[in-house]
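**Q** quick one: sequence and predicted model below, then my questions.
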Amino acid sequence: MSQQTLVVQVPRAQRAALEKRFEGGAFEFRSVPHALFSVKGEGAVATLYKSGKLVVQSADPLTFLARFTDLELEEMGAADEPAEEALELDGTVIGSDEAGKGDYFGPLVVAAVRLEEDEQAGLVKLGITDSKQLSDDKALRFAAYLRERVPHSIQVLDPADYNGRYPNYTGLNAMLADLHADAIRELAQSGARVLVDQFAKESVMREALAGTDMELFQAPRAERHVAVAAASVLARAEFLLRLDMLSSRWEIALHKGAGLPVDAVGAEFCRAHGEKHLGLVAKLHFKNTGKIESRLDRR
């Protein structure tokens, strides 16, 4: 797939937080002339120059920004980007999407939804769209509606299970593909078309779904199709509910994302409950774990 370049302006007040967000993920920092920082990872290279211009090079830079930053496109001066065309597939479509992949605290969630062709337009009219475009409250309300009306499957790896399973894989994408496949197989229907966001090499997802007679499609920003958008809403709502449950159980407000506030909360959690329990609320392979340990060592 060809590389694309997207250039956006980052407000001065958000530049430090953006760097911290990348520090919390699986990114390699590089030295680039005239840049505040440059990172490489997740199939992209992102460079923030001293002028405030963020240059993202990847197969789908908009998806990269949505997944790995907290920036609003309108604030970055990218609001005039032409809207992407919706994805269209005939017949029955099973869409699958995930939530929690880039969040230190909370579970990894994958949801799949099966929609007949005559159901799709109604959900579009209702306003079902990519969950990243929705507030938390609206995502929760839409999810309640979808659970009652569409066939779906939700796969959850709570932090303890996630930490136990992660070392058995060569990387996150392989584990994620298995979760997608588990959700999709629960909804399997002969002749259905499966649509998944392209989060890894096409072969990874194809191998995970080997043995089924469903036709697999993978595309950047697959949430443009309402089946994947609906799955994204269910996945995000489940993540939010589970994160809230963990927060209540441990009596501490666990933050979304993987930036600097997460490190502070992680250190607070360890002081209150002990480091041995961190794996019950967090994904330990994130770089945040080392930063939390450093905060504790400086006490």
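**A** The structure has been received and is ready for your questions.
**Q** from now on I want contacts and neighbour counts done on CA atoms only, so please keep to that.
**A** Noted.
**Q** just the pLDDT at residue 75, thanks.
**A** Looking at residue 75, its pLDDT stands at 42.
**Q** what about stretch 258-276, average pLDDT?
**A** Rounded mean pLDDT across stretch 258-276 is 93.
**Q** check which residues of that stretch are buried.
**A** For stretch 258-276, the neighbour count (16 or more other C-alpha atoms under 10 Å) marks 258-260, 262-263, 265-270, 275 as buried.
**Q** and the helix or strand that contains residue 16, what does it pack onto?
**A** Element membership for residue 16, per DSSP states H and E: helix 12-23. Secondary-structure packing of helix 12-23 (3 or more C-alpha pairs under 8 Å, 6 or more residues apart in numbering; DSSP states H and E): helix 260-273.
**Q** mind redoing it with 10 Å?
**A** With contacts defined as 3 or more C-alpha pairs under 10 Å, 6 or more residues apart in numbering; DSSP states H and E, helix 12-23 has these neighbours: strand 28-30, strand 35-41, strand 44-49, helix 61-68, helix 260-273.
**Q** a strand runs through residue 90, doesn't it?
**A** No: judged by DSSP: H, G, I helix; E, B strand; the rest coil, residue 90 forms no part of a strand; its state is coil.
**Q** quick check: closest non-adjacent residue to it.
**A** Among residues not flanking residue 90 along the chain, residue 117 sits closest, at 6.6 Å (C-alpha to C-alpha, 6 or more residues apart in numbering).
**Q** how near is the one you found to residue 193?
**A** Going from residue 117 to residue 193 by C-alpha to C-alpha, to the nearest Å gives 11 Å.
**Q** so what sits against both of the two?
**A** By C-alpha atoms under 10 Å, 6 or more residues apart in numbering, residue 117 and residue 193 have these common neighbours: 89-93.
**Q** circling back: can I get the helices and strands packed on helix 12-23 in CSV with distance to residue 287?
**A** Shown next, in CSV, are these (distance: least, C-alpha to C-alpha, whole Å):
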stretch, distance to residue 287
strand 28-30, 11
strand 35-41, 14
strand 44-49, 18
helix 61-68, 14
helix 260-273, 10
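**Q** contacts for stretch 162-172, please.
**A** With contacts defined as C-alpha under 10 Å, 6+ apart, stretch 162-172 is touched by 101, 106-108, 156-157, 159, 174-176, 200, 279-280, 282-285.
**Q** span of it from start to end?
**A** Across its full length, stretch 162-172 reaches 10 Å between end residues, using C-alpha to C-alpha.
**Q** okay, buried residues for it please.
**A** So for stretch 162-172, counting by 16+ other C-alpha under 10 Å, buried means 162-163, 166.
**Q** of those, closest to residue 33?
**A** residue 166 (36.5 Å; C-alpha to C-alpha).
**Q** does that closest one count as helix, strand or coil?
**A** Reduced to three states by three-state DSSP, residue 166 is helix.
**Q** would you mind measuring from it to residue 9?
**A** 36 Å.
**Q** just the helices from the stretch 151-299 of the chain, written as ranges.
**A** Secondary structure of the stretch 151-299 of the chain (DSSP state H, counting those that start in this stretch): helices at 159-165, 172-186, 202-208, 226-250, 260-273, 288-297.
**Q** which other helices and strands does the last one contact?
**A** When you say that, I think you mean helix 288-297. Here helix 288-297 touches helix 260-273, going by 3+ C-alpha pairs under 10 Å, 6+ apart.
**Q** using TSV, please lay out the buried residues of stretch 162-172 together with distance to residue 289.
**A** Converted to TSV, the buried residues of stretch 162-172 look like this (distance: C-alpha to C-alpha, whole Å):
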residue	distance to residue 289
162	15
163	12
166	15
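**Q** from those, which single one is nearest residue 240?
**A** The nearest member of the buried residues of stretch 162-172 to residue 240, counting by C-alpha to C-alpha, is residue 162 at 16.7 Å.
**Q** give the buried residues for the helix holding residue 16.
**A** 15, 17-19, 21-23.
**Q** closest to residue 208 among those?
**A** Nearest member of these to residue 208, counting by C-alpha to C-alpha, is residue 22, at 29.0 Å.
**Q** most neighbours, which of the shared contacts of residue 117 and residue 193?
**A** Neighbour tally across these (other C-alpha atoms under 10 Å): the maximum, 27 neighbours, falls on residue 93.
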